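A.B. asks: Everything below, folded, please.
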Amino acid sequence: MRVNRRRFLAATVGSGAVAVTGRRRAAIEAAESARPRSPNKQFGIGAIGLRYQGSVITEKAVPYGRIIALCDVDRHIREMGRACFGSTPKIFEDYRKLLDRKDVDVVMIGTPDHWHSKMLIDACRAGKDVYIEKPLTLTIDEGKHLCKAVKETKRVVQVGTWQRSDVRFREACELVRSGRFGKLKKCIVTIDGNPTGGPFKNVPTPKHINWELWLGQALRVPYCEERCHYTFRWWSEYSGGKMTDWGAHHVDIAQWGIGADATGPVEIDGKGDFPKIKNGYNMPAEFHADLKYANGVELEIRCKGTIGVRFKCEKGDVFVTRKSVETDPPNLLKDLGMDRSAYKLYAHDLKFKPKVGKLASIENHMRNFFDCIESRQTPISDIVSQHRSVSTCHLANISMRLGRPLRWDPDKELFVGDSEANQHLSREQRKGFEIS
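C.D. replies: Model prediction:
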């Protein structure tokens with residue numbers, strides 16, 4: 001099979017899942033990634049899940065080591081992957097065989113969401129450092145298991161919420177957390193609504209796909225093309241819809257600005273109508289959630305408006321997107337006697353500081369991961385903060401599903417006096433694929 005990496009990325013990413021990097025980001029990463037590494041210090045890299053973001057993150061890991069093992073339950077994709085990354089990588093259908101390899105030091109996980117937690121735990125226990133795509137978990141209880149496993153194994157784990165490495169989002173959070181605009185009152189996170197569709201037709205499983213391994217912990221159902229590949233995101237069995245897909249990025253930034261990396265909201269009121277279509281997408285087309293934190297800050301998550309994160313402070317607003325950081329009123333920085341250039345590289349009031357001489361760690365999420373593997377420091381998108389961020393997304397979905405407000409204890413990670421809601425902290429898992 002004749003295929004280069006550009007063709008492979010185009011074939012596996014497709015429309016609707018193109019990495020949003022931009023020319024500026026691509027140029028910075030290309031320049032800063034080209035550091036030499038002696039052959040005896042190269043990391044052995046294995047990749048699990050090669051469609052869409054899985055192919056993108058594997059490509060981004062190329063400058064830091066050797067791609068020596070690839071895994072995908074779709075034979076066509078894994079064979080394309082091997083042709084793309086040279087003849088050296090071994091290919092596997094079962095990820096556990098990849099983890100058994102002693103020459104694999106680092107694992108990239110880009111599978112559908114319902115597989116993230118088990119694969120991450122298994123990789124950590126196999127002694128691998130891991131870069132895992134967002135959203136981190138399918139349920140809140142999974143996140144508890146993940147935090148425990150990473151702590152026990154002392155592995156370096158970076159979650160693919162790359163906005164934490166982007167100068168615009170870092171600048172916005174620094175401005176808010178420093179108090180320069182006064183007390184933070186409210187955050188508004190705007191993301192897209194969910195697609196609708198169905199009922200879809202079940203068809204015979206293609207011979208090149210191992211449907212049993214694709215399903216994993218999810219309950220066994222007949223093969224349906226719309227359940228897998230990119231559109232798995234709109235099925236509650238495998239994902240949390242746009243609430244976790246985009247919320248994992250923007251709710252994470254909101255909680256970073258709030259200072260809630262190790263906690264979460266205490267009140268949740270979500271609204272959304274879940275479709276009842278048999279064998280169809282089952283996440284709400286439109287939704288809305290209002291949440292409140294113990295420090296009084298409110299968080300609104302909505303699916304209408306300009307996508308981004310707005311911080312509403314006493315003296316004005318900060319609105320950040322992947323393109324820009326804006327203030328309202330527009331001249332707020334100047335009126336407060338502040339020099340914007342001071343916030344271009346460092347987020348002074350945040351806990352993370354890049355290593356001296358490696359400012360690319362601010363803009364290059366993958367570089368930060370490999371730097372932390374060498375130093376054994378905690379990456380910018382660490383396991384605890386990302387568990388807490390996606391948990392907030394899960395809380396909103398649970399409130400929407402139950403159709404009523406909920407109270408949450410972020411210390412115990414339990415709903416207060418609500419046994420029915422607490423049943424939604426985990427999901428049924430098939431025998432042989434349990435997460436523990």
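A.B. asks: and Leu425, what is it in contact with?
C.D. replies: 139-141, 413-415 (C-beta atoms under 8 Å, 6 or more residues apart in numbering). Glycine gets a C-beta too; all of them are placed from N, C-alpha and C.
A.B. asks: any idea which element the residue nearest to Pro265 when sequence neighbours are not counted lies in?
C.D. replies: Among residues not flanking Pro265 along the chain, Leu291 sits closest, at 4.0 Å (C-beta to C-beta, 6 or more residues apart in numbering). Per DSSP states H and E, Leu291 falls inside strand 287-292.
A.B. asks: Show me which residues of that strand are buried.
C.D. replies: Residues of strand 287-292 classed as buried: 287-292 (neighbour count, 16 or more other C-beta atoms under 10 Å).
A.B. asks: Can you name the residues that contact Leu50?
C.D. replies: Neighbour list for Leu50: 12, 58, 70-72, 77-78, 80-81, 110 [criterion: C-beta under 8 Å, 6+ apart].
A.B. asks: helix, strand or coil for it?
C.D. replies: For Leu50, the assignment made with DSSP: H, G, I helix; E, B strand; the rest coil gives coil.
A.B. asks: What of Val130?
C.D. replies: Using three-state DSSP, the structure places Val130 in strand.
A.B. asks: who are the neighbours in contact with the residue positioned nearest the centre of the chain?
C.D. replies: Ranked by distance to the mean C-alpha position of the chain (C-alpha atoms, centre = their mean), the top residue is Lys134 at 1.7 Å. Contact analysis of Lys134 by C-beta under 8 Å, 6+ apart lists 159-161, 248-249, 386, 390.
A.B. asks: Within the helices and strands, which one has it?
C.D. replies: Applying DSSP H and E, one finds Lys134 in no helix or strand.
A.B. asks: Can you tell me, leaving aside adjacent residues, what's nearest to it?
C.D. replies: Using C-beta to C-beta, 6+ apart, the nearest residue to Lys134 is Ala248, at 4.0 Å.
A.B. asks: doesn't Arg164 make contact with that neighbour?
C.D. replies: No. At 11.3 Å, Ala248 does not count as touching Arg164 under the criterion of C-beta atoms under 8 Å.
A.B. asks: Now do the same contact list for the residue nearest to Pro265.
C.D. replies: Counting by C-beta under 8 Å, 6+ apart, Leu291 makes contact with 265, 267-269, 298-301, 392, 395-396.
A.B. asks: Filter these down to the ones in strands?
C.D. replies: 267-269, 298-301 (DSSP state E).
A.B. asks: so which of those residues comes closest to Asn202?
C.D. replies: Relative to Asn202, the closest of those is Ile301; by C-beta to C-beta it sits at 33.6 Å.
A.B. asks: Please list the members of the contacts of Leu50 that lie in strands.
C.D. replies: 70-71.
A.B. asks: per-residue confidence for the residue nearest to Pro265?
C.D. replies: As predicted, Leu291 sits at a pLDDT of 98.
A.B. asks: And for Met1?
C.D. replies: Met1 is given a pLDDT of 46.
A.B. asks: Whichever of the contacts of Lys134 end up buried, select them in PyMOL.
C.D. replies: Selection of buried members from the contacts of Lys134 for PyMOL, criterion 16+ other C-beta under 10 Å:
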select buried, resi 159+160+161+248+249+386+390
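A.B. asks: Most widely separated two among the contacts of Lys134?
C.D. replies: Farthest apart among those - using C-beta to C-beta - are Gly160 and Val390, which lie 11.7 Å from each other.
A.B. asks: How is the chain partitioned into domains?
C.D. replies: 5-164+365-383, 165-356+386-425 (automatic domain parsing).
A.B. asks: Export those domains as CSV, with columns for distance to Lys431.
C.D. replies: Formatted as CSV, the domains of the chain follow (distance: least, C-beta to C-beta, whole Å):
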stretch, distance to Lys431
domain 5-164+365-383, 13
domain 165-356+386-425, 10
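A.B. asks: Which among these is found nearest to Glu434?
C.D. replies: domain 165-356+386-425 (7.0 Å).
A.B. asks: Could you figure out how far the helix or strand hosting Val384 is turned away from strand 287-292?
C.D. replies: Per DSSP H and E: Val384 is located in helix 383-402. Using axes from the mean of the first three to the mean of the last three C-alpha atoms, to 10 degrees, the direction of helix 383-402 lies 120 degrees away from that of strand 287-292.
A.B. asks: roughly how far is whatever helix or strand comes next after helix 383-402 from the heart of the chain?
C.D. replies: As assigned by DSSP H and E, the chain's next helix or strand after helix 383-402 is strand 406-409. Chain-centre distance of strand 406-409: 24 Å, with C-alpha atoms, centre = their mean, to the nearest Å.
A.B. asks: can you check stretch 369-376 too?
C.D. replies: For stretch 369-376, the distance to the chain centre is 19 Å (C-alpha atoms, centre = their mean).
A.B. asks: Could you do stretch 59-71 as well?
C.D. replies: On C-alpha atoms, centre = their mean, the centre of stretch 59-71 falls 20 Å from that of its chain.
A.B. asks: Tell me the span between the first and last residue of it.
C.D. replies: 14 Å (C-alpha to C-alpha, to the nearest Å).
A.B. asks: swap in stretch 236-244?
C.D. replies: 11 Å.
A.B. asks: What of stretch 147-165?
C.D. replies: Per C-alpha to C-alpha, the first residue of stretch 147-165 is 21 Å away from its last.
A.B. asks: ditto for stretch 105-114
C.D. replies: 24 Å.
A.B. asks: ok, now stretch 205-218?
C.D. replies: By C-alpha to C-alpha, the extent of stretch 205-218 from end to end equals 16 Å.
A.B. asks: chain center to it: distance?
C.D. replies: 23 Å.
A.B. asks: There's contact between Ile398 and Leu406 in this structure, I believe.
C.D. replies: Yes. The criterion here is C-beta under 8 Å, and Ile398 meets it with Leu406 at 6.9 Å.
A.B. asks: and for those two, which residues touch both?
C.D. replies: 268, 421.
A.B. asks: In helices, which of the contacts of Leu425 appear?
C.D. replies: The helices, defined by DSSP state H, take in 140-141 from these.
A.B. asks: Tell me the one of the contacts of Leu425 nearest Gly241?
C.D. replies: Thr139 (14.0 Å).
A.B. asks: What distance do you get for the closest one to Trp211?
C.D. replies: Distance from Thr139 to Trp211, counting by C-beta to C-beta, to the nearest Å: 22 Å.
A.B. asks: Which one's more surrounded, these two?
C.D. replies: A count of neighbours by other C-beta atoms under 10 Å puts Thr139 above the other of Thr139 and Trp211, at 21 against 17.
A.B. asks: and that one, what pLDDT?
C.D. replies: pLDDT, read off for Thr139, is 98.
A.B. asks: what does Ala360 give?
C.D. replies: 43.
A.B. asks: so who does the closest residue to Ser436 other than its chain neighbours touch?
C.D. replies: Nearest non-adjacent residue to Ser436, counting by C-beta to C-beta, 6+ apart: His145, 6.6 Å away. Contact analysis of His145 by C-beta under 8 Å, 6+ apart lists 117, 121, 435-436.
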